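**Q** Return a 3D structure for these sequence lines:
(2 chains)
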Amino acid sequence: MRLYVEGIGLLGPGLDGWMAGRAILSGAAVYLAAPTNLRTSNMLPAAERRRAGGPIKLALAVGQEAILQAGRDSTTVATVFTSSGGDNDNVHAINSILATAPREVSPTRFHNSVHNAAAGYWCIAAGTHEPSTSLCAHDASFAAGLLESAVQVTVDDAVVALIAYDHPHPEPMHRERPIAAPFGMGLILAGRRNERSLAMLEVDFVSGTAHETAMQDAALEALRIGVPAARGLPLLAALTVGGPAQIRIAYFSGHHLNVRVTPC
Amino acid sequence: MESLRARRSGLNPCAFEDVDLETYIAKIEALDSYRVRLDLSAYDCRNNRLAQLCLEQDGFPDAVSAAKSKYGAARIGLFLGTSTSGILQTELAYRRLDTQTGALPPSFHYAETQNTYSLAGFVSRYLGLHGPSFVVSSACSSSAKVFANAARMMAAGVCDAAVVGGVDSLCLSTLYGFNSLGLMSRFPCRPYDAERDGISIGEGAGFVLLERATAANTPGAILLLGIGESSDAYHMSTPHPEGLGARLAMQRALASAGLQTGEIDYINLHGTATKSNDASEARAVADVFGDLVSCSSTKGWTGHLLGAAGITEAIISMLAVEQGFVPGSLNTQRVDPAMAIDYLIENSARSINRVLSNSFGFGGSNCSLVLGRQA
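**A** Numbering: from 1, shown residues only, chains lettered A, B, ... in the order given. Below you'll find the model as predicted:
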């Protein structure tokens, strides 16, 4: 499947936006881990802005950065959200409330607990009625999102914003499911090349195990392994190479995605 | 099918765990003592028990085995929907945190129970499927949307067949959550009734094996004819008051099926029995179809199955075509006079060919399916 990257969004620990992140991922600047700079998107209406937790901020920040770079009208772009866990702080709060009396779960906590909360907020912020889906595939969530996005671009001729994000669990869940840091990345993907196209991707779902592409920098590799959404980092690094590159991202059952990157 | 014909509801007064809410629920009693297959015991939780119990019905494993022989297990995709996965397991574990360390009990398995993907992880192992898999979790539209994922994956050549489905099981999060929103009825839900006052929550599951339509297998077969997806962009937990997203989903489903409104014989409505859902959906149906197409919600039988609503209502829609049976509505006494649609209360026996099934969820996530025989 052939698709074109038109815009990129990035927000993670020490990766504050694609411009700063690009220099680090290309090796031109040194990676220094720092807390993820979570900020509230100015896309959201005031009421929703108050209700948005960390994961929603993360998802909207990378989606907005990517769509601005692509110069696309946000009302015309379909979305694929993918996350291993959604709003883990909120789920922890609900589980704590339900374990004690009285079991008073607030309406906002409840509607933010759905896995597609970020998608719901995005659609309100972007004013879009285009299709949106919200996926989970545990550690393979990024690969699932990229596969679904590639298929939507190919079959439906859609322009798709792929938004992958993960946020740490508080304790006691953190011990069971450690997620290293808040991390999100967004890609605007389209089926046809235009003047905004940054690179062509050829994405194939391949049977059989293969060594997945690692990050060369040890700290970035720890981030890739430590956050499901950060399994997309090698793709971002490949986009900084300036020439053709090929990466592999692991899926389940010994499958993987093979992605060939050619700059436009 | 017998329950549909006999107008036998699965709703009963709420008696689930230690829930102290005055409401009706559709609970599957067999799950309390049921266990998942021994080799998959790490996955044992109410949601995966329900998945396995459902998979054991109607010769489904045999149909999947035949598909595996035909295509190979790596060429069959698995796309499932759930809203809460095995969260009940976590809710109960939070009551048993270690008093010294605050840790979860050692028997707790996050990836196999709470994680949203747990359902597909379990089902892929139970059925021995090795193709591409993921879980769609877009609240109450989840297991309708999986038909779109599967159809696209097959069209793109990523797989040759797919198992789609959805499972959602009772948990405290949804019961207390919907209660906090004031959306739960104290009575068995009354879809489209003038006096309707909220949902009844149920648990349920369904699975469908999809293959490509070919000249050889198409005649007489029930087909996935069209799919429409849309977003409300209005509010997280309230549908668009004019039914904008619902209307777009239905129009896109008709367009993708290449059908006119007059070619739809029956609409299985989302019909949750909340004031806002039914009013918004009725407006959208009236805008698209007028009062020319019979429609009903079957949630009086099942309750609202949330992430399993899409798949179970798709199966009811296919049964309606196969059996020549049009379901009416349970518990509905007097249809809301504000609704300008042909809402059915009584069941009827009638040959029908094409059904449109609606599923709408929190976050304004909408999906309509067209199922039936070719025009």
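
**Q** residues contacting residue 174?
**A** No chain specified, so I'll use chain A. With contacts taken as CB atoms under 8 Å, 6 or more residues apart in numbering or on different chains, A:His174 has the following neighbours: A:Pro168. (Each C-beta comes from the backbone N, C-alpha and C, glycine too.)

**Q** meant chain B, my bad for not saying
**A** B:Ser83, B:Thr84, B:Ile201, B:Leu306.

**Q** among these, which are in strands?
**A** With DSSP state E as the criterion, strands contain B:Ile201 from among these.

**Q** what about residue 205, helix or strand, and which?
**A** I'll assume chain A. Under the criterion DSSP states H and E, the helix or strand holding A:Phe205 is strand A:199-206.

**Q** that's the wrong chain, I wanted chain B
**A** Per DSSP H and E, the secondary structure element for B:Ala205 is strand B:204-211.

**Q** So which elements touch that strand?
**A** Of the remaining helices and strands, those touching strand B:204-211 by 3 or more CB pairs under 8 Å, 6 or more residues apart in numbering or on different chains; DSSP states H and E are helix B:46-55, helix B:60-71, helix B:142-155, strand B:161-168, helix B:309-323.

**Q** just how off-centre is the fourth one within its chain?
**A** Relative to its parent chain, strand B:161-168 has a centroid offset of 10 Å by CA atoms, centre = their mean, to the nearest Å.

**Q** can you pull out the helices in the stretch 101-250 of chain A?
**A** Applying DSSP state H, counting those that start in this stretch to the stretch 101-250 of chain A gives helices spanning A:107-112, A:117-126, A:141-156, A:173-176, A:218-226, A:233-239.

**Q** and the ones you listed as TSV, adding distance to A:Ser83 and mean pLDDT?
**A** Compiled in TSV, those are given as follows (distance: least, CB to CB, whole Å; pLDDT from 0 to 100):
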stretch	distance to A:Ser83	mean pLDDT
helix A:107-112	13	93
helix A:117-126	7	95
helix A:141-156	6	98
helix A:173-176	15	96
helix A:218-226	15	98
helix A:233-239	16	98
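
**Q** Not including adjacent chain positions, what is the nearest residue to residue 16?
**A** Defaulting to chain A. Leaving out its chain neighbours, the residue that sits closest to A:Asp16 by CB to CB, 6 or more residues apart in numbering or on different chains is A:Asn37, at 4.9 Å.

**Q** I was after chain B.
**A** Sequence neighbours aside, B:Leu170 is the residue nearest to B:Phe16 in space, at 5.2 Å (criterion: CB to CB, 6+ apart).

**Q** and that neighbour, that one's in a strand?
**A** No: counting by DSSP: H, G, I helix; E, B strand; the rest coil, B:Leu170 is not found in a strand; it is coil.

**Q** before we move on, back to that, with chain A as the reference, name the closest of the helices and strands packed on strand B:204-211.
**A** helix B:142-155 (4.5 Å; CB to the nearest CB).

**Q** Does chain A have contacts with the closest one?
**A** Yes: figure legend: helix B:142-155 in contact with chain A (CB under 8 Å from any CB of the partner chain); contacting residues B:Lys145, B:Ala148, B:Asn149, B:Arg152, B:Met153, B:Ala155.

**Q** Counting neighbours, which of those residues comes out on top?
**A** Neighbour counts for the residues of helix B:142-155 next to chain A were taken using other CB atoms under 10 Å in any protein chain shown; the highest belongs to B:Lys145, with 29 neighbours.

**Q** one step back: mind putting the helices and strands packed on strand B:204-211 into TSV with mean pLDDT?
**A** Rendered in TSV, the data for the helices and strands packed on strand B:204-211 read as follows (pLDDT from 0 to 100):
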stretch	mean pLDDT
helix B:46-55	98
helix B:60-71	98
helix B:142-155	98
strand B:161-168	98
helix B:309-323	98
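
**Q** most neighbours per residue, which of these?
**A** Ranked by mean neighbour count, the helices and strands packed on strand B:204-211 are led by strand B:161-168 with a mean of 30 (mean count of other CB atoms under 10 Å in any protein chain shown).

**Q** tilt between it and strand B:204-211?
**A** Strand B:161-168 and strand B:204-211 meet at an angle of 170 degrees, taking axes from the mean of the first three to the mean of the last three CA atoms, to 10 degrees as the criterion.

**Q** got the angle for the helix or strand just after strand B:161-168 vs strand B:161-168?
**A** If you walk from strand B:161-168 toward the C-terminus, the next helix or strand you reach (DSSP H and E) is helix B:172-180. Relative orientation of helix B:172-180 versus strand B:161-168 (the same axes, to 10 degrees): 60 degrees.

**Q** For helix B:172-180, what is the distance to the chain centroid?
**A** 18 Å.

**Q** residues touching residue 261, list them.
**A** By default, I'm working from chain A. For A:Val261, counting by CB under 8 Å, 6+ apart, the contacting residues are A:Ala199, A:Met200, A:Leu201, A:Leu235, A:Ala238, A:Leu239, A:Val241, A:Pro244, A:Ala245, A:Gln246, A:Ile247.

**Q** um, chain B though
**A** By CB under 8 Å, 6+ apart, B:Thr261 lies in contact with B:Leu254, B:Val288, B:Phe289, B:Gly290, B:Leu292, B:Val293.

**Q** Check those for burial and list the buried ones.
**A** In terms of neighbour count (16 or more other CB atoms under 10 Å in any protein chain shown), the buried residues within the contacts of B:Thr261 are B:Leu254, B:Val288, B:Phe289, B:Val293.

**Q** re earlier: among the contacts of B:Thr174, which one lies nearest to chain A?
**A** Closest approach to chain A among these (CB to the nearest CB): B:Ser83, at 6.4 Å.

**Q** Let me have the contacts of A:Val261 in JSON lines, extended by distance to B:Ile25.
**A** Written out in JSON lines, the entries for these read as follows (distance: CB to CB, whole Å):
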{"residue": "A:Ala199", "distance to B:Ile25": "52"}
{"residue": "A:Met200", "distance to B:Ile25": "52"}
{"residue": "A:Leu201", "distance to B:Ile25": "47"}
{"residue": "A:Leu235", "distance to B:Ile25": "45"}
{"residue": "A:Ala238", "distance to B:Ile25": "51"}
{"residue": "A:Leu239", "distance to B:Ile25": "50"}
{"residue": "A:Val241", "distance to B:Ile25": "56"}
{"residue": "A:Pro244", "distance to B:Ile25": "57"}
{"residue": "A:Ala245", "distance to B:Ile25": "54"}
{"residue": "A:Gln246", "distance to B:Ile25": "52"}
{"residue": "A:Ile247", "distance to B:Ile25": "48"}
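
**Q** check the residues you listed against chain B, which are close?
**A** Restricting those to those near chain B by CB under 8 Å from any CB leaves nothing, as none qualifies.

**Q** Point out the least confident member of these, please.
**A** Ranked by pLDDT, these bottom out at A:Val241, which scores 94.

**Q** give me the residue from the stretch 51-200 of chain A nearest chain B.
**A** Nearest to chain B in the stretch 51-200 of chain A, going by CB to the nearest CB, is A:Gly120, at a distance of 2.7 Å.

**Q** Please verify my assumption that that residue contacts B:Thr238.
**A** No: counting by CB atoms under 8 Å, A:Gly120 stays clear of B:Thr238, with 11.1 Å between them.

**Q** Which one's more surrounded, those two?
**A** When A:Gly120 and B:Thr238 are compared for neighbours, A:Gly120 comes out ahead with 31 against 17, by other CB under 10 Å.

**Q** Spit out the contact partners of the most centrally placed residue in chain B.
**A** Among the residues of chain B, B:Ala309 comes closest to the average C-alpha position under CA atoms, centre = their mean, at 2.0 Å. Under the criterion of CB under 8 Å, 6+ apart, the contact partners of B:Ala309 comprise B:Cys140, B:Ser143, B:Ala144, B:Gly166, B:His270, B:Lys299, B:Thr302, B:Ser359.
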